[in-house]
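Peer 1: got a predicted model here, sequence first, then my questions.
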Amino acid sequence: MQCAESLRVQAYFDGELDALSAADIERHSGTCAECSALLDDIKQTRAALRHDLGYESTPPELRARIMRALDQEIEAKLPRLQRQRITGRRLRPFWQGAFSGIGGTAIAAGMAFFLLAPPLTNPLLDDLVSAHVRSLMPDHLIDVVSTDKHTVKPWFAGHTDVSPVVADFDQQGYRLIGGRADYFDHQRAAVVVYQHGSHVINVFSWAATTGSVPKDTTRNGYHLAFWKTGDLVYCAVSDTAWDELLGLVRLLQDMSTRDAS
Amino acid sequence: MEDRRDRFEAQVLPHLDAAYRFARWLSRSPADADDLVQEAVLRAFRGFDALRGSDVKAWLLTIVKNCHLTALKQQQRRGFVPLPEEHDVQDGHAMIATTPDPEGSSIRRDEARTLDQLMSALPEDQREVLVLREIEEMDYREIATVTNVPIGTVMSRLARARAALKTRWIKQIDGERHAVR
């Protein structure tokens, strides 16, 4: 015989009840053995499911395939002339002004044909996104597996050219899961890896070679947030929501400020 | 046009992993899941202008679900009706965490495999609501949108799914204990 309140108990657990009904159910499950057992059961089921099954992400090859399909979708939709103009613009933005006539478009389109039209972009951004995607493949994520900053930080000293800020923000929802050495921008960069819900956040850091820091941007569905502390440039990359990515950025910035003072 | 693509990438693609996970649970094979996600993203892109409001994730997952139903209908029309046994219970969905766990152990991995198999054995309508609630952390209203059933049905399916999983989980653990003896 099932207690008549069982569905409301479930709704309470799922956070779907208003405060008044919630208080009602709390009182009820305090006295009804069946409902308090039900609460324990669904709590356990949730913990097991989230712990063991939650973290699958899109394989990089599939993501790349989808991006190509979107490219084709856009190109197929455009009238011919406009299509050429866009290919040209992607290739060399400054041509737009220089060759703004029909003839210019044709030349641009012709050049595009030879150059295979890779979008002209900041290679650093591509490097960061590729490094992030690479890290999501099995066994590439972490070189030093630890939730302890006192293990991760010294490890970087021997394996990278920089010593970034490392901290565990488990309380705030950003769990430190390890670190990794990566090579780009001609130096050994340090990568601190966090887990946020089902998302992985890679925080790259490397010695600044120029004064400027790239603007925050989104590429291939991944958000990239940049900032600079002292002579280190940081970039946090993830497919989590912007707000959540920036939450970690703020925590790390606060941490650096505290360390400095 | 380019601008529309950028907006699409910024708003919709952050939910690609959710779409992929959902597709994996709906489809019978990883290859089907890949095709399903790609089709869904393209459809989403075509219909992107019609998107109102902020519930992008539920919107995208609804499209995944609809693409899945269309694919099923096509298979049935071609006379291909997959039997429940064909469901790859042995290999599970391989939806087991790939993120290394510092405290990870082989016991945990075995548990994950068992859980994965138990999930695969659930009826599709129950598995679906359980995945949306527990893994994708959607609320009842969002789940009702994606599955296209009333909220009351979402609640009863969720209750049945949780009870079934719990019962089977206990049975499995008991079975293993007997096997050890």
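Peer 2: On my side now, so go ahead. Treat the numbers as computed from the prediction; the structure is a model and nothing was measured. Residues are numbered from 1 along each chain as shown, chains lettered A, B, ... in the order given.
Peer 1: can you pull out the strands in the stretch 51-200 of chain A?
Peer 2: Assigned by DSSP state E, counting those that start in this stretch, the stretch 51-200 of chain A shows strands spanning A:144-145, A:175-184, A:187-196, A:199-207.
Peer 1: and the second one, C-alpha only, in PDB?
Peer 2: I take that to be strand A:175-184. Taking Å, rounded to 0.1, in the frame of the first residue of the first chain, the C-alpha atoms of strand A:175-184 are listed here in PDB:
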ATOM      1  CA  ARG A 175      36.000  21.200  -7.900                       C
ATOM      2  CA  LEU A 176      39.700  21.100  -8.500                       C
ATOM      3  CA  ILE A 177      40.500  17.800 -10.300                       C
ATOM      4  CA  GLY A 178      44.100  18.200 -11.400                       C
ATOM      5  CA  GLY A 179      46.700  19.900 -13.600                       C
ATOM      6  CA  ARG A 180      48.300  19.400 -16.900                       C
ATOM      7  CA  ALA A 181      51.200  20.700 -18.900                       C
ATOM      8  CA  ASP A 182      50.500  21.900 -22.400                       C
ATOM      9  CA  TYR A 183      52.600  23.500 -25.100                       C
ATOM     10  CA  PHE A 184      51.500  26.600 -27.000                       C
END
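Peer 1: tell me the strands beside that strand, with direction?
Peer 2: Strand A:175-184 has its sheet partners listed here by DSSP bridges as strand A:144-145 (antiparallel), strand A:187-196 (antiparallel).
Peer 1: for A:Asp126, find the nearest of the strands of the stretch 51-200 of chain A.
Peer 2: Nearest of the strands of the stretch 51-200 of chain A to A:Asp126, taken as Cβ to Cβ: strand A:175-184 at 9.9 Å. All C-beta atoms are positioned from the backbone trio N, CA, C, and that covers glycine.
Peer 1: ok, the residue nearest the centre of chain B to A:Ile66 distance?
Peer 2: Taking Cα atoms, centre = their mean, the centroid of chain B lies closest to B:Phe22, which sits 2.9 Å from it. Distance of B:Phe22 to A:Ile66, given as Cβ to Cβ, to the nearest Å: 15 Å.
Peer 1: what of B:Ala50?
Peer 2: From B:Ala50 over to A:Ile66 (counting by Cβ to Cβ), the distance is 20 Å.
Peer 1: ok, these two, which is more surrounded?
Peer 2: Between B:Ala50 and A:Ile66, A:Ile66 has the larger neighbour count (other Cβ atoms under 10 Å in any protein chain shown), namely 25 against 7.
Peer 1: show me what contacts that one?
Peer 2: Applying Cβ atoms under 8 Å, 6 or more residues apart in numbering or on different chains to A:Ile66 gives the contacts B:Leu16, B:Val37, B:Gln38, B:Val41.
Peer 1: how about A:Ala208?
Peer 2: A:Lys228, A:Asp231, A:Leu232, A:Val233.
Peer 1: then A:Val249?
Peer 2: A:Val249 makes contact with A:Ala225, A:Trp227, A:Tyr234, A:Ala236 under the criterion Cβ under 8 Å, 6+ apart.
Peer 1: angle of the helix or strand hosting the last one against strand A:199-207?
Peer 2: Secondary structure here is read from DSSP states H and E; on that basis A:Ala236 sits in strand A:232-238. Compare the direction of strand A:232-238 with that of strand A:199-207 by axes from the mean of the first three to the mean of the last three Cα atoms, to 10 degrees and you get 160 degrees.
Peer 1: which parts of the helix or strand that comes right after strand A:232-238 are buried?
Peer 2: Downstream of strand A:232-238, the next assigned helix or strand under DSSP H and E is helix A:242-260. By neighbour count on 16 or more other Cβ atoms under 10 Å in any protein chain shown, the buried set for helix A:242-260 is A:Glu244, A:Leu245, A:Gly247, A:Leu248, A:Val249, A:Leu251, A:Leu252, A:Met255, A:Ser256.
Peer 1: who's in contact with A:Asp126?
Peer 2: A:Arg219.
Peer 1: how near is it to chain B?
Peer 2: As for A:Asp126, its distance to chain B is 15 Å (criterion: Cβ to the nearest Cβ, to the nearest Å).
Peer 1: any figure for the gap between that residue and A:Val133?
Peer 2: Distance from A:Asp126 to A:Val133, counting by Cβ to Cβ: 10 Å.
Peer 1: and which of the contacts of A:Val249 is nearest to chain B?
Peer 2: A:Ala225 (13.1 Å; Cβ to the nearest Cβ).
Peer 1: and chain B, what are its domain boundaries?
Peer 2: Following automatic domain parsing, chain B resolves into domains at B:1-80, B:104-181.
Peer 1: now swap in chain A and tell me
Peer 2: A:6-53, A:60-115, A:123-260.
Peer 1: and the second one, what's its mean pLDDT?
Peer 2: Put plainly, it is domain A:60-115. Per-residue pLDDT values over domain A:60-115 give a mean of 56.
Peer 1: for the first one, same thing?
Peer 2: Confidence for domain A:6-53, expressed as mean pLDDT, is 91.
Peer 1: right, and chain A sits closest to which residue of chain B?
Peer 2: Closest point on chain B to chain A, by Cβ to the nearest Cβ, is B:Leu13, at 2.9 Å.
Peer 1: grab the nearest non-local neighbour of that residue.
Peer 2: Of all residues not flanking B:Leu13 in the chain, A:Gly221 sits nearest, at 2.9 Å (Cβ to Cβ, 6 or more residues apart in numbering or on different chains).
Peer 1: highest mean neighbour count out of the strands paired with strand A:175-184?
Peer 2: Of all the strands paired with strand A:175-184, strand A:187-196 carries the top mean neighbour count, a mean of 22, counting by mean count of other Cβ atoms under 10 Å in any protein chain shown.
Peer 1: quick revisit: out of the strands of the stretch 51-200 of chain A, which comes closest to B:Asp32?
Peer 2: Comparing those against B:Asp32 with Cβ to Cβ, the closest turns out to be strand A:199-207 (24.9 Å).
Peer 1: avg pLDDT for that closest one?
Peer 2: Rounded mean pLDDT across strand A:199-207 is 89.
Peer 1: still on that earlier bit, so which of the contacts of A:Val249 reach chain B?
Peer 2: On the criterion Cβ under 8 Å from any Cβ of the partner chain, none of the entries of the contacts of A:Val249 sits beside chain B.
Peer 1: ok, the closest residue in space to A:Val144 that isn't next to it in sequence - contacts?
Peer 2: Once flanking residues are discounted, A:Val144 sits nearest to A:Trp155: 4.4 Å by Cβ to Cβ, 6+ apart. A:Trp155 makes contacts with A:Asp143, A:Val144, A:Gly179, as judged by Cβ under 8 Å, 6+ apart.
Peer 1: understood, closing this out.
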